[in-house]
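**Student:** structure of the sequence below:
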Amino acid sequence: MHCKRRMFLALLAGTALFAVLAGRLFWIQAFGEAVLSGRRIDLVQNSVAQREKGIVLDSGRGDFYDRHMRPLTGETIRALAVFPVRSGYGASEPQLDELCRILQISRDEWESFAKDMAEPKFWPGGGETNGNGKIPAALSERQAEQIRALHIPNVSVLDYKVRYPADAVARQLIGFIGENPQLIRERYAEQLASGNIALATPVGGAGLERSFDALLRGVGPTAISLFTDGYRRPLGGLSTRLVSPQNPFYPLKVVTTLDLDIQRRTEAILDRLHIQEGAAVVLDAANADVIAMASRPQYDPYDVHPDRNDWNNRALKALVPGSVFKTAVAAAALEAHVVTPDEMFECGGEWGKYGFSCWKKGGHGAIRFAEAFAESCNIVFATVMKRLTAEQLERT
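**Tutor:** Residues are numbered from 1 along each chain as shown. Next up is the predicted model:
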């Protein structure tokens, strides 16, 4: 009798323990959470992270466009991604030889790149970096097709979004992104406290990137992952998985008033004239829209040095206008009919009691107003300015 009772109690205890374990498993499967050492842990998310290695293809940040919806940022290229796997589960020797031939590199270069790989990496291009290493090399369509045909388990040809193309224009106007913990603390204190943004998150550092940063940050990156087991062997049937935000309204687009063709021509003129320091702005005469805005010296948005001023937009810097302001005076005087283009003036080189003089020693002598504008005569324009009221000039 006692033996049966003990067996019953043992069976009851085992059943109760099994019920507790089953309930625990149900909770994890249903809610994916557990409390360990006083901390709430997302076990499902951690289990996925344990067996997958991902690589970001697109940060999810919005892009800039010109007035004709042509992109100013966000060029998509074909890039070669390599995922770390256990030795013997990647490319075979013949496949590696063919891959090196397609990339036009030596085996030593490839071995140096792939040696002791712990995280997924792109095959790098030139010297440009994007804050997370070198920008991937852009593959041609033929290279992409040949690499895909090799069917290497841990190698993929992927579409990668380059924020700033090599031939990017309007760089000072667009600005750049980078890590700025202080700015994040100032602008995004609530998001930082809630964990929706980290201090290392790249944010707009200058230009339109900074002005529209809150709208451009997006809702998450697009990434691709290769699933492996605990021994870093690719899991059959799972292969790679693309994960991207499902919000159809993001990323947002910022459409500017720039015209990409005119912008390129404007910058080409600055380069052809070897302008070392300066700026050029093209406005729409009908509504004052900025059609083009270029600044020199040029800079690399992937290699910004705060102590240099090359990333500053000289077109927007406050400067004493100098003789260029004579254009406003001439327009105001002609609109107010206080002068005509053919009116004659006398420039003796000095004017009034203020010690104001002309740039030309001895003056221009007898000169028409139209000629005075072409010659930038200080004396004639000081004389004409006296005929205008402050309101007339301000209105113009």
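**Student:** what stretches of the chain score poorly on pLDDT?
**Tutor:** For the chain, the stretches flagged by pLDDT under 70 are 1-2, 27-53, 86-90, 126-134, 227-240.
**Student:** so for it, the centremost residue is which one?
**Tutor:** The C-alpha lying nearest the average C-alpha coordinate of the chain belongs to Arg163 (CA atoms, centre = their mean; 4.4 Å).
**Student:** give the contact list for the closest residue to it other than its chain neighbours.
**Tutor:** Spatial nearest neighbour of Arg163, excluding adjacent residues (CB to CB, 6 or more residues apart in numbering): Thr73 at 5.7 Å. Placement of C-beta: from N, CA and C, glycine included. Thr73 is in contact with 63-64, 163-165, 168, 174, counting by CB atoms under 8 Å, 6 or more residues apart in numbering.
**Student:** one more pass at 10 Å, please.
**Tutor:** 61-65, 161-165, 168, 170, 174, 177, 208-209, 216, 254, 301 (CB atoms under 10 Å, 6 or more residues apart in numbering).
**Student:** can you classify Ile224 by secondary structure?
**Tutor:** With DSSP: H, G, I helix; E, B strand; the rest coil as the basis, Ile224 sits in strand.
**Student:** tell me which of the contacts of Thr73 fall in helices.
**Tutor:** The helices, defined by DSSP state H, take in 174, 208-209, 216 from these.
**Student:** nearest to Ala189 among those residues?
**Tutor:** For the ones in helices among the contacts of Thr73, the minimum distance to Ala189 (CB to CB) is 18.9 Å, reached by Leu216.
**Student:** wait, the closest one touches Gly207, no?
**Tutor:** No. Applying CB atoms under 10 Å, one finds Leu216 not in contact with Gly207, separated by 11.7 Å.
**Student:** more crowded one of these two?
**Tutor:** Leu216 (25 against 22; other CB atoms under 10 Å).
**Student:** residues in contact with that one?
**Tutor:** By CB under 10 Å, 6+ apart, the contact set of Leu216 is 59-64, 73, 177, 203-204, 208-210, 250-254.
**Student:** which of those are buried, as a ChimeraX select command?
**Tutor:** To isolate the buried members of the contacts of Leu216 in ChimeraX, using 16 or more other CB atoms under 10 Å:
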select :59,60,61,62,63,64,73,177,203,204,208,209,210,250,251,254
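**Student:** give the residues shared as contacts by Leu216 and Gly207.
**Tutor:** Common contacts of Leu216 and Gly207 (CB under 10 Å, 6+ apart): 64, 177.
**Student:** ok, which stretches of the stretch 1-150 of the chain are strands?
**Tutor:** With strands called from DSSP state E, counting those that start in this stretch, the stretch 1-150 of the chain shows them at 33-36, 39-42, 52-58, 63-65, 75-82, 121-122, 124-129, 134-136.
**Student:** what comes into contact with the shortest one?
**Tutor:** In this case it means strand 121-122. 55, 57, 79-84, 113-114, 132-137, 158, 160.
**Student:** put the buried members of those residues into a PyMOL selection.
**Tutor:** Buried residues within those, by 16+ other CB under 10 Å, are selected in PyMOL with:
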select buried, resi 55+57+79+80+81+82+83+84+114+134+135+136+137+158+160
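**Student:** what's the separation between Ser112 and Leu316?
**Tutor:** Ser112 sits 45 Å away from Leu316, going by CB to CB, to the nearest Å.
**Student:** count the residues that sit near Gly322.
**Tutor:** Close neighbours of Gly322, defined as other CB under 10 Å, add up to 8.
**Student:** Asp342: neighbour count?
**Tutor:** Counted with other CB under 10 Å, residues neighbouring Asp342 total 9.
**Student:** that one reaches Ala372, doesn't it?
**Tutor:** No. Between Asp342 and Ala372 there is no contact under CB under 10 Å: 11.3 Å.
**Student:** helices of the stretch 251-396 of the chain, start to end?
**Tutor:** Secondary structure of the stretch 251-396 of the chain, counting by DSSP state H, counting those that start in this stretch: helices at 260-272, 326-335, 369-375, 378-385, 390-395.
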